[in-house]
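**Student:** Any chance you can model this:
(2 chains)
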Number of protein chains: 2
Amino acid sequence: MKKKLMSVLLTAAVAVGTLAGSAVSAQAASMQGDSSEEYYMVSFLSGIDYWKTCFKGMEDAANLLGVTAKYTGQTDADVAGQVAVLEQVIAMNPAGIAITCVNSTALADTINSAIDSGIKVVTFDSDSPTSNRSSYLSTGNEEAGASAAEYLVPLCGSSGKIAVLYTVGAENAESRVTGFKNWCAENAPDVGFVDVNDAGDTSTATDNMAAALQANDDIVGVFCVDGVAGTAGPTAVNESGIDGLHVLAFDVDKTVLDMIKSGDIDATVAQGQYNMGYWSQMFLFTEAHELSAVDLPGFVDTGVTIVTADTVDNYYVTE
Amino acid sequence: MKKKLMSVLLTAAVAVGTLAGSAVSAQAASMQGDSSEEYYMVSFLSGIDYWKTCFKGMEDAANLLGVTAKYTGQTDADVAGQVAVLEQVIAMNPAGIAITCVNSTALADTINSAIDSGIKVVTFDSDSPTSNRSSYLSTGNEEAGASAAEYLVPLCGSSGKIAVLYTVGAENAESRVTGFKNWCAENAPDVGFVDVNDAGDTSTATDNMAAALQANDDIVGVFCVDGVAGTAGPTAVNESGIDGLHVLAFDVDKTVLDMIKSGDIDATVAQGQYNMGYWSQMFLFTEAHELSAVDLPGFVDTGVTIVTADTVDNYYVTE
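**Tutor:** Next comes the predicted model:
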């Protein structure tokens, strides 16, 4: 519910009322919390490197704010399993939860029960749009696609065909493709496209990409739109033996980084995981302490970065 | 330039190096600044109410952080005038500047000169996309259009024609219309549209809207997509004498709020100005103090709220 914005505008100071969530005690308005105040990050496939960077961002922000950030998650991609983990976290009654959702609808009821009990909740990376979460912090996919085109298309000479390898029908990937093609329509209208379905599976993706390369001898570049494509696309290109193709991968798996280092592919698209965690923590703290007169912004585009041979060394995760 | 993310991930604490910008002195990493540290908001048409809410957000955040926020701007919409104001602000050497740009390209060089001299710069409400500003905080226009449709279309019975009154060709307005129509395509496919050009002028807008109402007796609702339409649309509907039309205005001018209160129109779309200022200040402080290991998120969707008779009283600005 919106707070009374204009009423607040009449007051001299920021309103600080009684605070929901037992871990946050009433105190003077400041950006300083207490180490007993806990915030959780909840993931799925909780062991993958991708989330480590997200949690590092959350931890850094928590350190700044003087509060405690904890990481947990479901080890696989099981929906019921993530609901169970979230329920366990809710039982700890933390001040806030940043969650990335294995499924766009299945977590909504549990998220709402957390909110009803006074815990602040934001989503990051993968949303639960029908829940009452306060904000969603993730990659703006159309923008990401446009950034990819801005890098790859001039490299390919702004003509010929570009193969676009992605999970057809997946919302994130489709939006990236839209952003990529819209950028081309505006800036490189001579570029054509070959849509290739990676079907969310590395082996199928490699086969389909190989077939597309055989069927289209005018392909000059490959945009790998998602994580699966990011590893399968370069493999198919390497196995094809075709020289001079420009390849832009997605995400920063070690195999992808190694291929950039060796010069097999040009670059990859890194997502803004650190910012997802960092600003999730800042948002949750701000809401838990009622430091703003209005609701949080609904969406933060945490952006992408093109990782080339010049910068690839910065992206290896060291244990 | 990207900082070395993964190198930072290896260190135990947040890196705090020497700080650029003379107003920020080196200190331990915390969310607490000094009142001698100044941040400026720079607007155009600087006397209008719209910016007051933006600056209130910035001021509240500055108070929390212990720093000083100042407001200035060009009194009219003159491009050279806003460049001159920005140059004066740069000469004060503040720690950061949040600027809303009267023109999408003309401020870029001056913004870049500020950044080159160590001042952090974000844009809000109206962007300078070709500049090197660190972030842009504004209304996500497609999302705003979808929110408008979600409110207005069911009220109109999800059939018949909806007149869409906007400045044809203006990017912000076109994006809102796209969001509105995409929502209808997915959720109310029986709805038709009558596009009406407001031409950025209240009198033309009123005339064109009146003509569209005469020519289409199956119009059941009106979506006013921008500020000009927000005042002109309701006027044309009132003067037409047609009963039972549902009208959703845009922005929160006093005349619009009065029409909601009197029941002449249903509601209006309020933009998230408070958040624009609040998170501009948080972002600038974070960047000036080098509190994050990576660059700021590139875009924050500060969201919209539908203002109805139930909530309209909160939106009157009192001096």
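
**Student:** contacts and neighbour counts: CA atoms only from here.
**Tutor:** Fine.

**Student:** remind me which residues of the stretch 101-250 of chain A are low pLDDT?
**Tutor:** When residues are selected by pLDDT under 70, none of them lie in the stretch 101-250 of chain A.

**Student:** What parts of the stretch 51-200 of chain A come near chain B?
**Tutor:** For the stretch 51-200 of chain A, the residues in contact with chain B under the definition Cα under 8 Å from any Cα of the partner chain are A:Thr53, A:Lys56, A:Gly57, A:Asp60, A:Ala61, A:Leu64, A:Leu65.

**Student:** Burial check on the residue lying closest to A:Asp76 once chain neighbours are set aside, number of neighbours?
**Tutor:** Here the nearest residue to A:Asp76 in space, its sequence neighbours aside, is A:Leu45; by Cα to Cα, 6 or more residues apart in numbering or on different chains that works out to 4.4 Å. One way to gauge burial is a neighbour count; for A:Leu45, by other Cα atoms under 10 Å in any protein chain shown, it gives 16.

**Student:** re the thing from before, adding pLDDT, secondary structure and neighbour count, write the residues of the stretch 51-200 of chain A next to chain B out as JSON lines.
**Tutor:** Formatted as JSON lines, those follow (pLDDT from 0 to 100; DSSP: H, G, I helix; E, B strand; the rest coil; neighbours: other Cα atoms under 10 Å in any protein chain shown):
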{"residue": "A:Thr53", "pLDDT": "93", "secondary structure": "helix", "neighbour count": "21"}
{"residue": "A:Lys56", "pLDDT": "96", "secondary structure": "helix", "neighbour count": "23"}
{"residue": "A:Gly57", "pLDDT": "97", "secondary structure": "helix", "neighbour count": "26"}
{"residue": "A:Asp60", "pLDDT": "97", "secondary structure": "helix", "neighbour count": "24"}
{"residue": "A:Ala61", "pLDDT": "98", "secondary structure": "helix", "neighbour count": "27"}
{"residue": "A:Leu64", "pLDDT": "96", "secondary structure": "helix", "neighbour count": "21"}
{"residue": "A:Leu65", "pLDDT": "97", "secondary structure": "helix", "neighbour count": "22"}
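
**Student:** So which residues of chain A form strands?
**Tutor:** A:38-44, A:68-74, A:96-99, A:120-124, A:136-138, A:161-166, A:192-197, A:219-224, A:246-250, A:267-271, A:299-301, A:304-307 (DSSP state E).

**Student:** Could you look over those strands and pick the most buried one?
**Tutor:** strand A:96-99 (a mean of 30; mean count of other Cα atoms under 10 Å in any protein chain shown).

**Student:** quick one: average confidence on it?
**Tutor:** Within the predicted structure, the mean pLDDT of strand A:96-99 is 98.

**Student:** Need the residues that contact it.
**Tutor:** Applying Cα atoms under 8 Å, 6 or more residues apart in numbering or on different chains, the set of residues contacting strand A:96-99 from outside is A:38-43, A:119-124, A:277, A:280-281, A:284-285, A:288.

**Student:** Setting the sequence-adjacent residues aside, check what's closest to whichever residue of the stretch 51-200 of chain A sits closest to chain B.
**Tutor:** Ranked by Cα to the nearest Cα, the top residue of the stretch 51-200 of chain A for proximity to chain B is A:Leu64, at 5.4 Å. Beyond its immediate neighbours in the sequence, the residue positioned closest to A:Leu64 (Cα to Cα, 6+ apart) is B:Ser30, lying 5.4 Å away.

**Student:** and the nearest residue to A:Thr105 once chain neighbours are set aside, what is it in contact with?
**Tutor:** Leaving aside its sequence neighbours, A:Thr105 sits nearest to A:Ser128 (Cα to Cα, 6+ apart; 5.8 Å). For A:Ser128, the contact set (Cα under 8 Å, 6+ apart) comprises A:Cys101, A:Asn103, A:Ser104, A:Thr105, A:Leu107, A:Ala108.

**Student:** and if you look at A:Ser35?
**Tutor:** Shown in contact with A:Ser35 (Cα under 8 Å, 6+ apart): A:Gly66, A:Val67, A:Thr68.

**Student:** What's the local residue count around A:Pro189?
**Tutor:** Neighbours of A:Pro189 (other Cα under 10 Å): 13.

**Student:** any idea of the pLDDT on the residue nearest to A:Asp76?
**Tutor:** pLDDT, A:Leu45: 91.

**Student:** Got the phi and psi for it?
**Tutor:** With angles defined as degrees, to the nearest 10, A:Leu45 sits at phi 40, psi 50.

**Student:** which non-adjacent residue is nearest the most centrally placed residue in chain A?
**Tutor:** Within chain A, one residue has its C-alpha closest to the average C-alpha position: by Cα atoms, centre = their mean, that is A:Asp125, at 3.4 Å. When the adjacent residues along the chain are set aside, A:Asp125 lies closest to A:Ser138, with 4.5 Å between them (Cα to Cα, 6+ apart).

**Student:** A:Ser126 is in contact with that neighbour, correct?
**Tutor:** Yes: A:Ser138 is within contact range of A:Ser126, at 7.2 Å (criterion: Cα atoms under 8 Å).

**Student:** which ones are touching A:Pro129?
**Tutor:** Applying Cα under 8 Å, 6+ apart, the residues contacting A:Pro129 are A:Ser104, A:Thr105.

**Student:** if we can go back for a sec, buried among the contacts of A:Ser128? Need that as a selection in PyMOL.
**Tutor:** Listed next is the PyMOL selection for buried residues among the contacts of A:Ser128, using 16 or more other Cα atoms under 10 Å in any protein chain shown:
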select buried, chain A and resi 101+103+107+108
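
**Student:** Tell me which of the contacts of A:Ser128 fall in helices.
**Tutor:** Cross-referencing the contacts of A:Ser128 against helices under DSSP state H gives A:Ala108.

**Student:** can you tell me which residues contact A:Ala199?
**Tutor:** With contacts taken as Cα under 8 Å, 6+ apart, A:Ala199 has the following neighbours: A:Tyr166, A:Thr167, A:Val168, A:Ala205.

**Student:** Number of residues surrounding the last one?
**Tutor:** When neighbours are defined as other Cα under 10 Å, A:Ala205 has 26 of them.

**Student:** measure it to A:Val256 for me?
**Tutor:** From A:Ala205 over to A:Val256 the distance is 15 Å, taken as Cα to Cα, to the nearest Å.

**Student:** Tell me how many other residues surround the closest residue to A:Glu87 other than its chain neighbours.
**Tutor:** Nearest residue to A:Glu87, sequence neighbours excluded (Cα to Cα, 6+ apart): A:Thr110, at 7.1 Å. Using other Cα under 10 Å, the number of residues around A:Thr110 comes to 16.

**Student:** and what of A:Asn112?
**Tutor:** Applying other Cα under 10 Å, I find that A:Asn112 has 18 neighbouring residues.

**Student:** Was I right to think it contacts A:Asn132?
**Tutor:** Yes: in this structure A:Asn112 lies within contact range of A:Asn132 using Cα under 8 Å: 6.0 Å.

**Student:** Who does A:Ala98 form a beta bridge with?
**Tutor:** According to DSSP bridges, the residues that bridge with A:Ala98 are A:Met41, A:Val122.
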